[in-house]
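Undergrad: sequence first, predicted model second:
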Amino acid sequence: MDGHDQYNLAAFCSLTVPVSHWWRGSHELKEQKLQRKIAENRLRDGGELLQLQMQQVWFELTQSYREIELAEKLVAQSEESLKVSEDSYRQGVSLMSDLLDAQAGLQTARSRLIDARAGNRLKTIRYLIVTGRSQEALKM
């Protein structure tokens with residue numbers, strides 16, 4: 001081998017190692033950037049999903065309070081209706097079936113109130129869990 005061939009061989013060896021190393025490093029860097037971007041997107045999407053879930057649970061909880069208020073009003077109206085029906089029946093103005101209907105209406109209203117309160121309790125527990133306060137939910 002003459003001096004010129006040795007120079008070419010040395011140049012080839014010295015260039016191939018750094019180029020392949022550079023390509024591998026560049027590829028790994030791109031892969032890391034891509035993985036970081038994926039993780040950031042997942043974190044953002046997860047945060048947005050959690051926020052939406054918290055908003056939905058809050059809406060359901062406030063709605064359950066309205067259901068309780070409505071059920072309480074219905075019970076009060078049903079109690080008043082029963083009093084009127086009892087008075088009318090005693091005075092002989094209305095029939096026994098009217099009195100029984102008023103009693104059944106009161107029972108239905110009370111049942112609805114119980115269901116509304118139970119639903120509110122469940123919504124409260126779910127809200128506490130979604131907002132990261134599971135220990136408080138366990139105490140309920």
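TA: Received the coordinates, thanks.
Undergrad: which elements pack onto the lengthiest helix in the chain?
TA: Secondary structure of the chain per DSSP state H: the longest helix is helix 3-90. Using 3 or more Cβ pairs under 8 Å, 6 or more residues apart in numbering; DSSP states H and E, the elements in contact with helix 3-90 are helix 96-130. From N, CA and C alone the C-beta is placed, and that goes for glycine too.
Undergrad: give the buried residues for the helix it packs on.
TA: 98-99, 102, 105-106, 109, 112-113, 116, 119-120, 123-128, 130 (16 or more other Cβ atoms under 10 Å).
Undergrad: nearest residue to the spatially most central residue of the chain in space, please, no chain neighbours.
TA: Against the mean C-alpha coordinate of the chain, by Cα atoms, centre = their mean, the closest residue is Gln53 at 3.1 Å. Sequence neighbours aside, Val130 is the residue nearest to Gln53 in space, at 5.8 Å (criterion: Cβ to Cβ, 6 or more residues apart in numbering).
Undergrad: let me know whether the one you found touches Met54 as I believe.
TA: Yes - with contact defined as Cβ atoms under 8 Å, Val130 counts as touching Met54 (5.6 Å).
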